[in-house]
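Asks: Pasted the sequence and its predicted model underneath.
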Amino acid sequence: MSYAYLFKYIIIGDTGVGKSCLLLQFTDKRFQPVHDLTIGVEFGARMITIDNKPIKLQIWDTAGQESFRSITRSYYRGAAGALLVYDITRRETFNHLASWLEEARQHANSNMTIMLIGNKCDLAHRRAVSTEEGEQFAKEHGLIFMEASAKTAQNVEEAFISTAATIYKKIQDGVFDVSNESYGIKVGYGGTAAPSGGRDGSSAQAGGCCS
Amino acid sequence: MHETEQHDLSDDSDYAAASRHHAPGGIMRTDSGKSTASEAGGSEVLYLKDNVAIHPTQYASERISGRLRLYKQGSSLFLSWIPYKPSTDGAVDSLGHGSSSIPVEKDRSLYTIKSLPVSDVHSIRRHAPALSWPYIIVVLSSGLAYPPFYFYNGGVREFLATLKQHVFIVRSADDSNVFLVNDFQDPLQRTLSSLELPRVVSVANRASRHRSDLSSSSFDDSERLNGASYDATASTSEYSARQKKFHDPARDISIQVLEKFSLVTKFARETTSHLFRESHNDGLNAYEKKQQTDYGSLKPISTSDDKKKDSNVIPVASDPLEFEKLPLVWGKQRMHPLCLEEWAAFLDSEGRILDSKALRERIFYGGVDQNIRKEVWKFLLGYHEYDSTYAEREYLTSVKKSEYEVIKSQWQSISAVQAKRFTKFRERKGLIDKDVVRTDRSVAYYEGDDNPNVTILRDILLTYSFYNFDLGYCQGMSDFLSPILYVMKDEAESFWCFVALMERLGPNFNRDQSGMHSQLFALSKLVELLDGPLHNYFKQADCLNYFFCFRWILIQFKREFEYDQVMHLWEVLWTHYLSEHLHLYMCVAILKGHRKKIMGEQMDFDTLLKFINELSGNIDLDWTIREAEALCICAGENGAACIPPGTPPSLSIEPDMGLYPQEDEVL
């Protein structure tokens, strides 16, 4: 399928906060509570439309466990957007946000758009982190914030799409040099079938660089 | 690595001779002859330290001592570590050919660093344990790390100070013992360095490192791309020419390996081409027909995607193990699984297995019938001794059962009030609770709400984390335990089988990932040996860390095959029949199976990772095992030499005294 842009996203956050479920809800519109735990990384993709332009989101769903971080770091490179997820029913997943953010800032592009998501908001009766705290954290660190539920699909669509809209706006504002793929953005070729994301860089590289 | 050969220092043999005459203990200054040689070679030694050692195994006595140097050549800084000749260790005869030295000799060459451009170094971690010698770990930009260098005569501080005078070093903000080399603080420079356009970088590398780049340049070279694929023999003949030029016994093993290997290849080629000519006469070539019948089912699954793109791929360097597109070697035809009758024939009247090697060979080629797995796995995993009797095993089972109950009762007796003040326990239990409900729930044995088998998984993992508190629990363990419990259907037996498996694979879950890094390192060496062009491709695409094979190795292909295939594969791997590291040869086999696509489409790291992930469920297991077998036999001792001793699943010799002590874990 052709697209105007392809954005690379990563989903990060503690283990068990619902990263894979958010992805599945977004790509397949279903909730699967017995999803296998993620080892390394899993991929998902979906087309969305922003400003009448087809945009492909390629989403990397990473393993949350601490000891895999030396490996998962290599996945940050060239991501345009990140969903940083915590579980509103488990305080510690909120407490670890600062270290995730540090990790992301260190290993990702400094222009990466980060969306903070308080997941499992359907479990309001077990809430351990208030909405205000989430908002406050996001404000302090310059993140976009939403509470969402992978189970009920509440705000899932919005979270992925508003992140994309922010990235899109940065492109329009000239923040990114889109010919440089390290920003996690690839330009598609209208009409041409671009198999795995237009990485057949013939024209991009002809315009972009030396060789 | 061969590209560093150009920096082959002509003084090495001098220095080796000199070190034979000196006691290994003292710090030795360069003698005059040596420094003259250095100057003649245009290099200036800035730092030199003797008795810097590595430990290939956990036996301290097996340390390999050598000399660490920093030297400057032109404007570039290089690091070298050259091990002493065997005779200086005093353990072997004067020629250094004592039988005991053979494995050590291999390590000596394997770990030799001829000349590492310091620009390839990402960071250096310094350790100064209170009760041991200080050591450093050098981490490369590719993500790979060298084994620790122990400074038996001290000198870490001087080393870092010397480095600091010549390259930009900063202390990591996270860990004051980590020194980042070539780390650009300037955000502009950081951005520039993060561009990492492969072409730009490889050109820059060549310029700054004076590399000869025998073959890695072929992918940048448009003439080559337009022409036919280049012949791997061209590069091997270049190696031979170089070998004549420099007679250095301590040269990098990869060169020797390639040379020996090229002989094998040549021999096989001649044989094959002979066969090929013979059969070429009868019309549509009997060889090809044979291949269709014999080998037809053994091709890697090609997705429709594959076929679609085949038409516009860039010509890629040919597989050194292929001749006229036909593989030179392949594994034996797979057999049916070992059945009950055959199994019974391996046992004597008291239940001993007389010929364990024959049994392992049989299982290697066919696996085991589901109905006898419960018995056979206990031997393969090492829980039962092959020469034990029925009576001994029965006794062991009962002893082990109560031993299990004792360990289990340790965490069961932790009250809710106690747990409140025991964060580590709560966290660990919470993590296990979360993970067992996300493990193989689509397998009937574990499906449905409140499945008691899921609870047993939980109990075993939590008990294991008390049995081995330092290792604890890490994600991936439940993937290993699930088939074991499925086969054993018994909690205590499953626990002890899992314990036996973790004896070998526990290091996969080390906090510092050392077990994984050593396997990824060995894999990169194996690919370099068995498919030079592919290795060169990964190198220029900045993919040498092999992180894209992480999941394959961490849980031994558990997520790549169906459940019953995984059980089959594991029992084949557990035989350790041809190698303890057949799984690494499987990685090579699969990568080689897709080499044309990987190189033809010039996959970058992201694309490759995604591609490898998506192979899950599309890998032909029998084909892969046969290919791995063939590669393993083909590589022979040279292959074994690529794998550092102690690389999982090799047994570590002193499991409780590891060189990589577990850091205080978070979970």
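Replies: Nice, I can see it. Numbers count the residues shown, from 1 in each chain, chains lettered A, B, ... in the order given.
Asks: Please enumerate the helices of chain A.
Replies: Along chain A, counting by DSSP state H, helices occupy A:19-28, A:69-72, A:91-95, A:97-107, A:131-141, A:156-172, A:202-208.
Asks: quick check, distance from the longest one to the centre of its chain.
Replies: In this case it means helix A:156-172. Remark: helix A:156-172 is offset 10 Å from the chain centroid, using C-alpha atoms, centre = their mean, to the nearest Å.
Asks: Export it to PDB, keeping only CA atoms.
Replies: Coordinates of each C-alpha in helix A:156-172 appear next as PDB, following Å, rounded to 0.1, in the frame of the first residue of the first chain:
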ATOM      1  CA  VAL A 156      -6.100   4.000  22.000                       C
ATOM      2  CA  GLU A 157      -6.900   5.300  18.500                       C
ATOM      3  CA  GLU A 158      -6.400   8.900  19.800                       C
ATOM      4  CA  ALA A 159      -3.100   8.200  21.400                       C
ATOM      5  CA  PHE A 160      -1.500   6.800  18.300                       C
ATOM      6  CA  ILE A 161      -3.000   9.300  16.000                       C
ATOM      7  CA  SER A 162      -2.400  12.400  18.000                       C
ATOM      8  CA  THR A 163       1.300  11.300  18.300                       C
ATOM      9  CA  ALA A 164       1.300  11.000  14.500                       C
ATOM     10  CA  ALA A 165      -0.300  14.400  14.100                       C
ATOM     11  CA  THR A 166       2.300  16.000  16.300                       C
ATOM     12  CA  ILE A 167       5.100  14.400  14.200                       C
ATOM     13  CA  TYR A 168       3.300  15.500  11.000                       C
ATOM     14  CA  LYS A 169       3.100  19.000  12.300                       C
ATOM     15  CA  LYS A 170       6.900  19.000  13.000                       C
ATOM     16  CA  ILE A 171       7.500  18.000   9.500                       C
ATOM     17  CA  GLN A 172       5.300  20.800   8.200                       C
END
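Asks: any idea of the mean pLDDT in that helix?
Replies: Across helix A:156-172, pLDDT averages out at 95.
Asks: cool, the second one as well?
Replies: Over the span of helix A:69-72, the pLDDT mean works out to 84.
Asks: One more: the last one?
Replies: Averaging pLDDT along helix A:202-208 yields 33.
Asks: Repeat that for stretch B:626-641.
Replies: Rounded mean pLDDT across stretch B:626-641 is 90.
Asks: what's next to stretch B:459-477, contact-wise?
Replies: A:15, A:37, A:39, A:63, A:65, A:67-68, B:404, B:407-408, B:410-411, B:428-429, B:431-432, B:435-436, B:478, B:481, B:485, B:491, B:494-495, B:498-499, B:502, B:506, B:508-510, B:554-555, B:662, B:665, B:667 (C-beta atoms under 8 Å, 6 or more residues apart in numbering or on different chains). For glycine as for every other residue, the C-beta is placed from the backbone atoms N, C-alpha and C.
Asks: Likewise for stretch B:400-417?
Replies: Contact with stretch B:400-417 is made by B:422, B:425, B:429, B:459, B:462-463, B:466-467, B:491-493, B:495-496, as judged by C-beta under 8 Å, 6+ apart.
Asks: For B:Gln165, which three-state class applies?
Replies: Using DSSP: H, G, I helix; E, B strand; the rest coil, the structure places B:Gln165 in helix.
Asks: who touches it in this structure?
Replies: Counting by C-beta under 8 Å, 6+ apart, B:Gln165 touches B:Leu46.
Asks: Run through the residues that contact the closest residue to B:Phe168 other than its chain neighbours.
Replies: Of all residues not flanking B:Phe168 in the chain, B:Asn182 sits nearest, at 6.2 Å (C-beta to C-beta, 6 or more residues apart in numbering or on different chains). Shown in contact with B:Asn182 (C-beta under 8 Å, 6+ apart): B:118-119, B:121-122, B:141, B:167-168.
Asks: Make TSV from those residues and add distance to A:Thr49, secondary structure and neighbour count to it.
Replies: Converted to TSV, those look like this (distance: C-beta to C-beta, whole Å; DSSP: H, G, I helix; E, B strand; the rest coil; neighbours: other C-beta atoms under 10 Å in any protein chain shown):
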residue	distance to A:Thr49	secondary structure	neighbour count
B:Val118	49	helix	19
B:Ser119	45	helix	16
B:Val121	46	strand	22
B:His122	41	strand	17
B:Ser141	39	coil	16
B:Val167	49	coil	15
B:Phe168	46	coil	13
